[in-house]
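Chemist: Sequence first, predicted model second:
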Amino acid sequence: LGQKYYHGRLGLQKDMGKAVEMYTEAAELGSIEALYSLGNAYHFGEGVNEDEQTAVQFWSKAAMQGHAESRYQLGYFEGDKGRYDRAVRHFLISAKMGDKDSVESIKK
C-alpha cells in the first residue's frame with residue numbers, strides 16, 4: 001500500500017507522508033522491501049526529513065536480510081564517502097545475489 005501512495009496509484013492521491021507511514025507499518029511486520037523503501041525515503045527526503053544515517057540504518061537492516069538492492073545502495077553510499085574497499089565488498093555481495101547494477105559498479 002505504501003508504494004501505491006508513493007506513486008499515486010489505485011485511485012489514491014500521491015502522499016509521501018502516508019507512504020512512509022505504510023512502509024513503517026510494513027517494516028514492523030517484517031517486510032524487507034519496506035525497509036528498503038524507508039531507506040530511500042530518508043535518503044531523498046521524501047515524506048520525511050532527509051537523513052543519510054537513518055537511510056543507511058534501514059538499508060543495512062534490509063541488506064542483512066538478503067535484500068540485494070539495499071546492499072547495492074550501501075555500496076554506493078560507501079563509494080561516495082571514499083571508502084572504496086567497503087563499497088566493493090557491498091557490490092560483490094549484491095552482485096552474487098544477482099544485482100546487475102552492482103556488477104556494473106565493480107567494472108568501473
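Modeler: All right, it came through fine.
Chemist: what's the distance between Ala19 and Phe44?
Modeler: Using C-beta to C-beta, to the nearest Å, Ala19 is found at 12 Å from Phe44. (C-beta placed from N, C-alpha, C; glycine too.)
Chemist: so how many other residues sit close to Glu25?
Modeler: 13 (other C-beta atoms under 10 Å).
Chemist: Give me the helices and strands touching whichever strand or helix holds it, please.
Modeler: Following DSSP states H and E, one finds Glu25 within helix 16-28. Contacts defined by 3 or more C-beta pairs under 8 Å, 6 or more residues apart in numbering; DSSP states H and E place helix 16-28 against helix 2-7, helix 32-44.
Chemist: Adding distance to Ala95 and mean pLDDT, write those helices out as a markdown table.
Modeler: Converted to a markdown table, these look like this (distance: least, C-beta to C-beta, whole Å; pLDDT from 0 to 100):
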| stretch | distance to Ala95 | mean pLDDT |
| --- | --- | --- |
| helix 2-7 | 25 | 71 |
| helix 32-44 | 17 | 96 |
